[in-house]
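Undergrad: Pasted the sequence and its predicted model underneath.
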Amino acid sequence: MTPIRIAYSPDSDDAFMFWALLNGRIDAEGLTFVAEQHDTESLNALADEERIDVLAVSLARYATIADKYLLLPHGASVGRGYGPVVVAKNACALSTLEGKRVAIPGLRTTAYLVLRTLLKDFEPVVVPIAPHDAVWRVLRSDDVAAALVIHEGRLTYEREGFALVCDIGAEWTARRGLPLPLGVNVIRRGLGVDLVARISRICRASIAWALTHRDEMLQTLAGTSPLDARGLDQYLAMYANADTQQMAPDVIEAMHVLLREAGHSAPIELAP
């Protein structure tokens, strides 16, 4: 059988989800998996090619590919009262960034979608998440007034000498009373009902293994993360947890609300 193709970002919570599967720690049920890594916006673009079977994408992107991909009920990155952050050289009100240039991780990211609901008029400047220090270089150069930071960068901006302007996850929860679903895993519809269910079961088992062997995963990922041991522990607690194992009802509700507010009408259809 042709190998099942997986693509995910280089950030720690994505690696956490797929590590057990890709390293023979769980039963792959006779299937072979191959994986590749790309920054978030590149992953969002890959969906157009339909060559990847299991793909980590932004929730904002899912609405435009729902005809080709089902949403997996596991693998989500969810912020509960926290999320991506807007940072700058000096603390300021978010409103002062009206009309300014703001670095963003991609035009199809959930973070950008949410920021657009909070800050109506700004010029987005795309700075991919990899390498990790790219956004800091752009911000120090004064080419942008602020940066919207996702993944591990939300925990390292103070170390880099920047100040918090707004936590858009906290702002979303304050306004909507819901968690903020950010990244999701999708699976290609063309695989067929039986294979979709089989792969979904295997991916769920990989996440479960990682959660059960969390200390081992912390040691394994330590060499690949820009975070120190304490920061990595904190980051995984935020984005690789029970919400990753199974989407809760309030997460699915939040997905409907977020996509509806963005003007997307595509239904959310979950794989088994």
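TA: That came through fine.
Undergrad: can you pull out the helices in the stretch 151-272 of the chain?
TA: With DSSP state H, counting those that start in this stretch as the criterion, the stretch 151-272 of the chain has helices at 153-156, 168-176, 193-212, 214-221, 229-239, 242-245, 249-261.
Undergrad: Now residue 151: phi and psi?
TA: Main-chain dihedrals, residue 151, degrees, to the nearest 10: phi 50, psi -150.
Undergrad: contacting residues for it?
TA: Taking CB atoms under 8 Å, 6 or more residues apart in numbering, we find residue 151 in contact with 9, 11-13, 40, 129. No exception for glycine: its C-beta is placed from N, CA and C like everyone else's.
Undergrad: ok, back up a step: figure out which of the helices of the stretch 151-272 of the chain is closest to residue 54.
TA: helix 193-212 (6.4 Å; CB to CB).
Undergrad: what does the closest one contact?
TA: 4, 16-21, 25-29, 31, 53-54, 70, 72-75, 185, 187, 189, 191, 217, 240-241, 244-245, 271-272.
Undergrad: which among these end up buried?
TA: Buried by 16 or more other CB atoms under 10 Å: 4, 16-21, 26, 28, 53-54, 70, 72-75, 185, 187, 189, 191, 217, 240-241, 244-245, 271, out of those.
Undergrad: Am I right that residue 184 is in contact with residue 62?
TA: Yes - Residue 184 is in contact with residue 62 according to CB atoms under 8 Å; the separation is 5.8 Å.
Undergrad: between those two, what contacts are shared?
TA: With CB under 8 Å, 6+ apart as the test, residue 184 and residue 62 both reach residue 71.
Undergrad: Checking residue 102 next. Helix, strand or coil?
TA: What DSSP: H, G, I helix; E, B strand; the rest coil gives for residue 102 is strand.
Undergrad: That one: how many residues sit nearby?
TA: 22 (other CB atoms under 10 Å).
Undergrad: Distance check, it against residue 43.
TA: Applying CB to CB, to the nearest Å, the value for residue 102 to residue 43 is 21 Å.
Undergrad: give me the number of residues near residue 246?
TA: 14.
Undergrad: Please name the nearest non-neighbouring residue to it.
TA: residue 74 (5.8 Å; CB to CB, 6 or more residues apart in numbering).
Undergrad: and the contacts of residue 151 as a markdown table, adding distance to residue 235?
TA: A markdown table is the format used below for the contacts of residue 151 (distance: CB to CB, whole Å):
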| residue | distance to residue 235 |
| --- | --- |
| 9 | 13 |
| 11 | 8 |
| 12 | 6 |
| 13 | 7 |
| 40 | 15 |
| 129 | 14 |
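Undergrad: Now rank those residues by neighbours and give me the top one.
TA: Most surrounded of the contacts of residue 151: other CB under 10 Å gives residue 40, at 29 neighbours.
Undergrad: And that one, how far from residue 129?
TA: Residue 40 sits 6 Å away from residue 129, going by CB to CB.
Undergrad: between these two, what contacts are shared?
TA: 9, 105, 150-151.
Undergrad: so what's the residue nearest the centre of the chain up against?
TA: The chain has residue 183 as the residue nearest its centroid, 3.2 Å off, counting by CA atoms, centre = their mean. When contacts are counted by CB under 8 Å, 6+ apart, residue 183 touches 9, 14, 40, 56-59, 76-77, 110.
Undergrad: If anything else comes up later, I'll come back, but that's it for now.
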